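Peer 1: Any chance you could fold what I've pasted below:
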Amino acid sequence: MKSWIEVPTDSDFSLANVPFGVCSFPSSSTLSSTTLAPCTPRCCTAIGNHAIDLHLLAEAGLLDNLLMTTESDESRCSEIITNFHPRIVFSQPTLNEFMSCEKHVWVAVRNRLLSLFLDSSSSSSNNDIIQIAIHADNRLQQNSALQSQCMHPLSTTLYHLPASIGDYTDFYSSREHATNVGIMFRGRDNALQPNWLHLPVGYHGRSSSVYPSLASSAATAENDCERNSVGGEKLSTVRRPCGQLQVDPLDPAKGSIYGPCKLMDFELEVAFFVGGPTNTDYEQDHNQQHQQPRGRPLTLSEAQDRIFGYVLMNDWSARDIQKWEYVPLGPFTSKNFATTISTWVVTSMALEPFRCETSAGVQGGVGEPTPLEYLKDPNYGSYDVNLSVSIQPSSTSASTQICTSNLKNMYWSSAQQLVHHSVTGCPMNAGDLLASGTISGKEQHNFGSMLELSWKGSREVELGGGEVRRFLKDGDAVIMKGWCQREGSGRVGFGQCSARILPAIPFPYESSKENEDKSTAMQPEERYTNFKLYGSWWSSCSWTVRIALTAKGIPYEYDTHIPINIKLDEKALTSDKHSSINPMQQQVPTVLEFMDGGNVVRITQSLAIIEFLEAAFDHRGGRLLPLDPVARAKVKEIVEVINSVTQQLQNSSVMGMIDSISDKESLGEECGKQAIMNSLSSVEKIVAAIHSIYHASTAGPFATGSFGPTLADACLAPQLYNARRLCVDLEGVCPTLVEIEKKYNDHPWFQNAQTEAQLDAVK
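Peer 2: Down below sits the predicted model:
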C-alpha cells in the first residue's frame, strides 16, 4: 500500500496513522482563495511531511457522503451517514465537534482520508495494520489546485491544542511507577496502598494549564532559535514555578518559605481524549417540573467506543512543593502550573493493530484482588507503543536519551480508567483529557521520571559531555517520543512532546496585561437565541439569508408573509401582521428576528443580516466573507454588482410598477430581463478574470476561486434561478457561472435553502 504523497520511512505519519490535530499556517502565501485566514486555527490531519487542511477538503466536497459499514454473520453492507456535516465540523478551531460524533463517524472520516491519500495505482487489501479494504479516491491526487491550498509543510506549521479541554484527570496506573514511589516514601513492604489494586487511582488536574508542544514556529523572546529548537523544530517553553517549600526537608515542624522550585521533574505519560455523546440520561426535576440531564455510569464496551485518540504528555512536577502540600489531599500547586501534550491525536483505530498484553498479563493473580464486576475487562490489554525521553541542556544542541518505556507498562487500561471515572454518574464530555500517570518499566532505564531515575535525588543521571542531573535545570529541553511499527508497514507515531524550562520569575512580580484574558462575555449561542426569518420562498434576499443561516448551522423558525397561492407576476403585498415589522412597505420583507438577552432585535436587508451573522458567529460553520482582504474585496465586488443592478429592476414590485405606468405590455419583465442579463454578464467577466489569474493550479471551483462557497455564491444562486424564470440564455451570457452553479446543486448550504424546499413554495 502506497501513498501518492511522499512519506519518508522514518515519518511518524504514514498511511497507517492518519492523526488529527489543529494547525494554522501564518507563513503561507497560498491561502488567498480560502474562506479562513492563514492565522486561523483549523482542523487538520498529517501524512509524511505535510499537514492537510480538513476544512478545505470538506469545502471541496471530498468528505461528503461518508459510508458507515455494518457487518453481520450473513452479510456486510454500507450506508451513507446523514447526520454528519463536515463543512461545519471541520471549520471549527478545535476538534471538539468532531470528537463529539459517534465512533462510526470517526472511522468513516479516517477511511475516506486513507482513500484520498492512497495512490490510485494501488489499493489496500485487508491486513493487520489497515484492517479493511481501502480503494483509492483520486480526486485530491488529480486536483493540483486543491493540493496547493490544503497541503502545508510541517516545518512551517503553527500548532494549537487539539481540543478545548473541559476537564483533565491524571491517573496513577503504572504498577511499576506506583511501586517505585511507594518504596521511596513508605518502604518495600508497604509500597502499594491498600486500594491501588482495587481501582484506578486518579486526581483532578487543571485544564487551563495544558499547553501544546511545538506551539510556535518562531523563537520566543527568552531564547534564541538555536537554543530553543530540537532537530530544527521550535520548542514550547515552561516556566519554573515558585511556591511554598519546606524550610527543613527533614523536619516539617519548622514550617515553610516562598521560593522557586528546586526539584523540577518531568513525568512520561500518555493521555487520551474522550469522544462521543455525553453519558447522560434525563430525570424529572419535581421542583422545577422539567427534565434535567444526569450523568450515568459507562460500561466497558461503551467506554472503549468513547476513546477518540491518544497524545503524549509531560505532566511537569515540582517535587519539593509537592512534598510540603500533598498531605492529606494529594498534589495541588505542584502539578497545576504546566502540562505539555503532543499536538497530533493518534486515533484508537490506528493503535488497534498494536494491541497487546499489559506488563501485568492479568489482573487478580495469585494472592491479589480481582477487579469488581464493572471493572472486569474481557479485552484487558494495552498497546505496544515505544516511549522515550531525552534531555537537551541549553549549552549544547545534542540531546541524550535517558529513558525508554512502553505503554504496555499499565496495570489499569484506558477503558477501565474511563469507566471508573463515570461510575458515580460523572458526565464525560467530548474533549475531556484523561492521562495515564507516569509510565515506568521494571528496569532503571525504563523509569519515567527524574524522581525514579535519580531515586529521590540520591544518584546522578549522566547526559554526556560531563553533564549530570538529579533533577531538571533551567534551559533543559525535555523531548518525549512515542511510536509503533511492524515490519512491512508504516510507522504510527505521535510526533514530539517537547518543551524547554525557563527560569522562575521572582516574587513579587507584575503579570503581563497583554496575556490577561479579561473577557467575561457570553458565548454567542447563549446571547443570541430564538431566530426567526420573515421572508418568502421566491425572494432572492430571503434565499441568500437562508444560505447564510444554514452555513452557520443556526436553527431558525421560518415565517412567510405571502399567501401560498400568490402568482409570481403579482405585486408583493404585505399583511397587517408583517407590515408592523417591515420598514420596506410594498416589498417582500427579509427580516431576521432574534433575542439578544431579553430584548427583541430585528434586522432588515440581507447584507446587513449576513454581516451580523459573520461577526457574531465567526467561530461557527463556513465563512461567507473571507478574512483575506483581497478575497473579501472580490466577494463584495460581485455582491455590489448584483445588488446595484440586478436586484432592483427584476424585483416583482418594481416590474409591476413599470407595467402600471407603461402602455407596452410586459415592459417591466423586459426591463428586469435586460437588467439581469447586464448584471450576470458583468459578474461573468469578473469571475472569469479571477479564475484566469489563479489558473487551474490554484483556483477553487466557486465564484471567487475559493474551495468553499462565499457570499458571492450565495447571492449568485438566486439570480441564476431568476434569470431562467425570465428565459435568459445563460449559456450564452455567462457560461462560467453556469459551470459554477453545478457545484451549488451538490452543496448542502444551497440544497437546504432552495426555493422548492421551503414550506411556502408553490408546487
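
Peer 1: Need the distance between the two termini of stretch 191-200.
Peer 2: End-to-end distance for stretch 191-200, by C-alpha to C-alpha, to the nearest Å: 16 Å.

Peer 1: Of all the residues in that stretch, which ones are buried?
Peer 2: By neighbour count on 16 or more other C-beta atoms under 10 Å, the buried set for stretch 191-200 is A191, L192, W196, L197, L199, P200. (C-beta placed from N, C-alpha, C; glycine too.)

Peer 1: what does stretch 627-637 give?
Peer 2: Result for stretch 627-637 [16+ other C-beta under 10 Å]: buried residues L627, D628, A631, R632, K634, V635, K636.

Peer 1: just stretch 77-91 next, same as before
Peer 2: Neighbour-count burial for stretch 77-91 flags I81, F84, H85, P86, R87, I88, V89, F90, S91 (criterion: 16+ other C-beta under 10 Å).

Peer 1: In strands, which of the buried residues of stretch 627-637 appear?
Peer 2: Per DSSP state E, strands hold no members of those.

Peer 1: Let me see the ranges of the strands in the stretch 251-400 of the chain.
Peer 2: 251-260, 264-265, 268-274, 280-285, 290-295, 307-314, 317-318, 339-341, 346-347, 355-356, 382-383, 386-392, 400-406 (DSSP state E, counting those that start in this stretch).

Peer 1: Can you list the helices and strands that the fifth one packs against?
Peer 2: When contacts are defined as 3 or more C-beta pairs under 8 Å, 6 or more residues apart in numbering; DSSP states H and E, strand 290-295 sits against strand 280-285.

Peer 1: ok, now which ones touch the most centrally placed residue in the chain?
Peer 2: Nearest residue to the geometric centre of the chain (C-alpha atoms, centre = their mean): L95, 2.0 Å. Applying C-beta atoms under 8 Å, 6 or more residues apart in numbering, we find L95 in contact with F20, G21, V22, C43, P162, A163, F273, V345, G431.

Peer 1: Give me the neighbour count for the fifth one.
Peer 2: Counted with other C-beta atoms under 10 Å, residues neighbouring P162 total 30.

Peer 1: longest helix of the protein?
Peer 2: The residue-count maximum for a helix in the chain (DSSP state H) belongs to helix 667-698.

Peer 1: Report the inter-axis angle for the next helix or strand after that helix versus helix 667-698.
Peer 2: Remark: after helix 667-698, the chain's next helix or strand is helix 711-725, criterion DSSP states H and E. Angle, helix 711-725 to helix 667-698, by axes from the mean of the first three to the mean of the last three C-alpha atoms, to 10 degrees: 140 degrees.

Peer 1: Could you list every helix and strand that helix 711-725 packs against?
Peer 2: helix 540-551, helix 629-641, helix 667-698, helix 730-733, helix 735-745.

Peer 1: Tell me which entries of the contacts of L95 lie within helices.
Peer 2: Per DSSP H, these never map to helices.

Peer 1: which one of those residues is nearest S11?
Peer 2: Closest approach to S11 among the contacts of L95 (C-beta to C-beta): G21, at 14.9 Å.

Peer 1: thinking the closest one is in contact with Y159, fair?
Peer 2: Yes - with contacts counted by C-beta atoms under 8 Å, G21 reaches Y159, the gap being 6.9 Å.

Peer 1: what is in contact with the two at once?
Peer 2: T343.

Peer 1: Look up the closest residue to E176, ignoring the ones flanking it.
Peer 2: S440 (4.4 Å; C-beta to C-beta, 6 or more residues apart in numbering).

Peer 1: That neighbour should be in a strand, yeah?
Peer 2: No - assessed with DSSP: H, G, I helix; E, B strand; the rest coil, S440 is coil; it does not lie in a strand.

Peer 1: Run a quick check on it versus N446, I expect a contact.
Peer 2: Yes - here S440 lies in contact with N446, judged by C-beta under 8 Å, at a distance of 6.0 Å.

Peer 1: Which of the two has more residues huddled nearby?
Peer 2: Set S440 next to N446 and count neighbours by other C-beta under 10 Å: S440 wins out with 28 against 21.

Peer 1: S164: what's it in contact with?
Peer 2: Going by C-beta under 8 Å, 6+ apart, the list of residues near S164 reads T94, N96, G431.

Peer 1: And the residue lying closest to it once chain neighbours are set aside, how close does it get to R42?
Peer 2: Closest residue to S164 in three dimensions, ignoring its sequence neighbours and counting by C-beta to C-beta, 6+ apart: T94, at 4.9 Å. Going from T94 to R42 by C-beta to C-beta, to the nearest Å gives 10 Å.

Peer 1: For these two, indicate the residue with more neighbours.
Peer 2: A side-by-side neighbour count of T94 and R42, using other C-beta under 10 Å, places R42 first with 25 against 19.

Peer 1: So the closest residue in space to the more buried one that isn't next to it in sequence: helix, strand or coil?
Peer 2: Counting by C-beta to C-beta, 6+ apart, H55 is the residue found nearest to R42 once chain neighbours are left out, at 4.4 Å. State at H55, reduced to three classes by three-state DSSP: helix.

Peer 1: and F531, how many residues sit next to it?
Peer 2: Using other C-beta under 10 Å, F531 has 16 neighbouring residues.

Peer 1: show me what contacts the residue lying closest to V738 once chain neighbours are set aside?
Peer 2: Once flanking residues are discounted, V738 sits nearest to L730: 5.2 Å by C-beta to C-beta, 6+ apart. Shown in contact with L730 (C-beta under 8 Å, 6+ apart): L680, L720, A723, R724, L737, V738.

Peer 1: Would you mind checking those for buried ones?
Peer 2: L680, L720, A723, L737.

Peer 1: For T94 and R42, list the residues in contact with both.
Peer 2: V22.

Peer 1: Between the contacts of L730, which sits nearest V601?
Peer 2: Nearest to V601 among the contacts of L730 is L720, at 31.8 Å by C-beta to C-beta.

Peer 1: Hmm, T736 and that closest one touching each other?
Peer 2: No - using C-beta under 8 Å, L720 is not in contact with T736, being 11.7 Å away.

Peer 1: before we move on, back to that, looking at the strands of the stretch 251-400 of the chain, which is nearest to F471?
Peer 2: Closest to F471 of the strands of the stretch 251-400 of the chain is strand 264-265 (C-beta to C-beta; 5.8 Å).

Peer 1: Just the pLDDT for the closest residue to L118 other than its chain neighbours.
Peer 2: The shortest distance from L118 to any non-neighbouring residue, by C-beta to C-beta, 6+ apart, is to A136 (4.3 Å). Per-residue confidence (pLDDT) for A136: 93.

Peer 1: For T220, give me the pLDDT.
Peer 2: Looking at T220, its pLDDT is 33.

Peer 1: try E570
Peer 2: pLDDT, read off for E570, is 41.

Peer 1: what does T698 give?
Peer 2: So, for T698, pLDDT stands at 57.

Peer 1: Equivalent analysis for the one 10 residues further on, please.
Peer 2: pLDDT, G708: 84.

Peer 1: how about it, what does it touch?
Peer 2: T34, T35, H55, L56, A58, E59, A60, R87, G622, G700, F702.

Peer 1: Go ahead and confirm Y721 touches T755.
Peer 2: Yes - contact criterion C-beta under 8 Å: Y721 and T755 qualify, at 6.9 Å.

Peer 1: shared neighbours of these two, anything?
Peer 2: Common contacts of Y721 and T755 (C-beta under 8 Å, 6+ apart): W543.

Peer 1: Where does pLDDT dip in the stretch 51-200 of the chain?
Peer 2: 71-76, 122-132 (pLDDT under 70).

Peer 1: would you list every one of the helices in it?
Peer 2: 54-59, 86-89, 96-99, 103-117, 144-150, 175-186 (DSSP state H, counting those that start in this stretch).
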